[in-house]
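1. how would this look folded up:
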Amino acid sequence: MRILGFLFLLSITCNCKIEQEATTANLVAFAKVYGYVKYFHPSDEAASIDWDLFASYGAERIQHCSNDNELVEVLYELFKPIAPSIKFNFSDEVEVMANNAYQLFPLDASTPTKVFWQHEGLGLGTSGPDGFYTSRKVVVKDGVIKDKLFSLIPEMDAKISSEIKNNVSVVLPIVLDKDFMGTYPRTNHQALKRLKDNLQNYSIDFQKAPARFGNVIIIYNVFEHFYPYHEVVSYDWKEELEKALKQSIIDRNEEDHLTTIEQMMASLRDGHLHVSKYSDKKRYFPPLYWEWIEGKLIITKVVADGDTFTNLLANTNNIKVGDEVTHINGTAAKAYFKKIESRISAGTNSSLKYKAQSKRLLGPKGTTINLTIDSTEISLTRTLDILKEHPRPLVNEHTHKQIEEGIAYLNLNNISMKEIERLLPQLVKSEAIICDLRGYPNGNHEFIKHLMVTNDTSTNWMQTPQIVYPNHREPYNFKLANWTDEMKPTTPYLGDKKIIFITDGRAISYAESYLSYIEGYNLATIVGETTAGTNGVYNRFSLLGDYNVTWTGMKVIKHDGSQLHGIGIEPDVIVKKSIAGVKKGIDEQLEVAIQLAKGKD
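-> So this is what the prediction gives:
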């Protein structure tokens, strides 16, 4: 009897797994076609629908297809109204374009007008910096290309021909004919209206799988076609899609879903990448900060009355800087962090450490976090808003100071260029200048010009992808940019001093552009820890449920042409914090910089 029961349970488990695999394969097929039509098929109809809602609506229609014939039938129902020339083929069929009852070509085809997509980065459906990333439908009329973004154009008969599932392929033109009435072939307007009506009446519910599927599909396609670092990051994006879809079947609520999509994108190793929600209440932290030092979780900041960090009087239960946290909410500290680290996208381990340390403190206002210190459990309340304060200790409260005679200190994280210019007469008299860039510069990169001997000759370190084909299919180009017009030596020259830069994993993006000059032209000795390994102008797209995803939309390399992403700027002299140093209140990285400034190794 027990054996029969076991076999029955095994049969149910096997059937569930088979059903899950079939559902996932159907959803992967839909996801691929979704991206091809949304980003590369220039029909007027494709530009007229709500693509976010369509991702969930289409997933709901697709998920229960029982065989390939039913799958293709539903794919036609979904995509034919917005891509009338789409064709789905089985593997034993000859590849042909769609036959349909609608007019395929303009009445006057002797001088056809063509239209296709060009993407400089991704501008379609994104909200990055104004005008930086652009997607445009480009028209070719009488052989003349109008309003093109760049010189690369697709072949005029170009089409996508791709397997979307074993035994099923899609064929889709990416260049269409058009006239004054719109693109060809014409759609079935009744079918298009029916689709739009269905979308208008469709509601999103994260308690149900299709909403979760929809966001996974949106995410997959942005990075599948437009992630600029696909060549240097080791990941299998299709496998990540399948894993996320399978997990979305199991997930039960929005919190589960957020974990799934963050884990999916963590594989991209993009330090800019994060998921945000305007209404997110998990933005409050308790009155302390912690850091991993020598393999232990150590308190490095305690907020107290009169602290420059905040005027909040906090009951910190006699917690002291240097205390070790062994458990958090009853879980060992390392295990507690391991889970959150799986949800964080970061270019380097140094960046991952800082991002995890901050994220693990956050929660809704008024909630508690229980810390075990010296075998004593201490309960702290989250009261500080990260939008107004920041839990990390300040690098230094000074914008600048004279450390001792002949040694000047500039805190590049908050000093303005105007203030640096005011200090130039003093800096000229200095024997050494220590520049603190453990964070983000305050618009003061022109200070670099005072360290330079020759003009900047690095012309192509910023690269925005120029795309006309899907799946990073070649050919594709880059729009090249640099700072050469403004980065020329200026007076007074300060490069004859001992110049030391301090940095760590908090230095990201603009800070790494800054440090790339320092490293590339050997303008200073760099002290501290590796930077974030993430540079390039951010981009942003929306998801269902009022979520936004911020990510890196362009590629940046080092000045010698080598890889920056995932590597960062590595210091000449590695200096990490010690527990003893934290307890004594010593900034060990600054201390090493001072010793170097004095000429001591």
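2. Strands of the stretch 451-600 of the chain, residue ranges please.
-> 462-467, 477-481, 498-503, 525-528, 538-543, 547-552, 555-556, 573-574 (DSSP state E, counting those that start in this stretch).
3. Which neighbouring elements make contact with the first one?
-> It refers to strand 462-467. Where contact means 3 or more CB pairs under 8 Å, 6 or more residues apart in numbering; DSSP states H and E, strand 462-467 is packed against strand 113-120, helix 209-226, strand 477-481, strand 555-556. Just so you know, the C-beta spots here come from the backbone N, C-alpha and C atoms, and that holds for glycine as well.
4. ok, now with 6 Å
-> strand 113-120, strand 477-481 (3 or more CB pairs under 6 Å, 6 or more residues apart in numbering; DSSP states H and E).
5. What pairs with that strand, parallel or antiparallel?
-> Using DSSP bridges, the strands paired with strand 462-467 are strand 113-120 (antiparallel), strand 477-481 (antiparallel), strand 555-556 (antiparallel).
6. Redo these as TSV? Include mean pLDDT and distance to residue 443.
-> As requested, the strands paired with strand 462-467 are arranged in TSV below (pLDDT from 0 to 100; distance: least, CB to CB, whole Å):
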stretch	mean pLDDT	distance to residue 443
strand 113-120	96	26
strand 477-481	94	18
strand 555-556	97	18
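7. Which one, of the ones you listed, ends up nearest to residue 413?
-> Taking CB to CB, strand 555-556 is the member of those nearest to residue 413, at 20.5 Å.
8. I would like the residues contacting that closest one, please.
-> 228, 462, 463, 535, 536, 564 (CB atoms under 6 Å, 6 or more residues apart in numbering).
9. Show me the shaky parts of the stretch 201-350 of the chain.
-> 304-317 (pLDDT under 70).
10. so where's the protein uncertain?
-> With pLDDT under 70 as the threshold, the chain has low-confidence stretches at 1-16, 92-111, 304-317, 390-396, 601.
11. still on that earlier bit, please identify the most buried of the helices and strands packed on strand 462-467.
-> Highest mean neighbour count among the helices and strands packed on strand 462-467 (mean count of other CB atoms under 10 Å): strand 113-120, with a mean of 22.
12. quick one, helices of this structure?
-> 2-40, 51-62, 68-79, 189-200, 209-226, 237-250, 254-266, 333-341, 349-359, 417-429, 510-520, 579-584, 588-597 (DSSP state H).
13. Contact partners for residue 291?
-> Contacts of residue 291 (CB under 6 Å, 6+ apart): 298, 300, 357.
14. measure the closest residue to it other than its chain neighbours to residue 288 for me?
-> Using CB to CB, 6 or more residues apart in numbering and skipping residues adjacent in sequence, the residue nearest residue 291 is residue 300, 4.9 Å away. Distance, residue 300 to residue 288, by CB to CB, to the nearest Å: 8 Å.
15. same deal with residue 34?
-> Taking CB to CB, one finds residue 34 at 45 Å from residue 288.
16. and if you look at residue 568?
-> Counting by CB to CB, the separation of residue 568 from residue 288 is 28 Å.
17. Tell me which of these two has more neighbours.
-> residue 568 (28 against 23; other CB atoms under 10 Å).
18. what residues are up against that one?
-> With CB under 6 Å, 6+ apart, residue 568 has these contacts: 348, 530, 531, 532, 533.
19. rerun at 10 Å
-> By CB atoms under 10 Å, 6 or more residues apart in numbering, the contact set of residue 568 is 271, 347-351, 503, 505, 507-508, 512, 515, 529-535, 558.
20. Residue 257 reaches residue 277, doesn't it?
-> No. Between residue 257 and residue 277 there is no contact under CB atoms under 10 Å: 11.7 Å.
21. Which of these two has more residues huddled nearby?
-> residue 257 (26 against 15).
22. Is it possible to get a markdown table of the contacts of residue 291 that adds neighbour count?
-> Formatted as a markdown table, the contacts of residue 291 follow (neighbours: other CB atoms under 10 Å):
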| residue | neighbour count |
| --- | --- |
| 298 | 21 |
| 300 | 19 |
| 357 | 20 |
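23. Quick check: bridge partners of residue 436?
-> Beta-bridge partners, per DSSP bridges, of residue 436: residue 411, residue 502.
24. neighbours around it, how many?
-> With other CB under 10 Å as criterion, residue 436 counts 26.
25. residue contacts, it?
-> By CB under 10 Å, 6+ apart, the neighbours of residue 436 are 395-396, 398, 400, 409-415, 500-503, 527-528, 587, 589-590, 593.
26. Surely residue 275 and residue 547 touch.
-> Yes. Using CB under 10 Å, residue 275 makes contact with residue 547 at a distance of 5.7 Å.
27. what residues do those two have in common as contacts?
-> Shared contacts of residue 275 and residue 547, counting by CB under 10 Å, 6+ apart, come down to 215, 219, 258, 261.
28. what sits against the first one?
-> So that's residue 215. Applying CB under 10 Å, 6+ apart, one finds that residue 215 lies in contact with 52, 55-56, 59, 204, 206, 244, 248, 257-258, 260-261, 264, 275, 542-545, 547, 549.
29. filter these to the buried ones?
-> Among the contacts of residue 215, those classed as buried by 16 or more other CB atoms under 10 Å are 52, 55-56, 59, 204, 206, 244, 248, 257-258, 260-261, 264, 275, 543-545, 547, 549.
30. which residues does residue 544 contact?
-> Contacts of residue 544 (CB under 10 Å, 6+ apart): 52-53, 55-56, 204, 206, 210-215, 218, 257.
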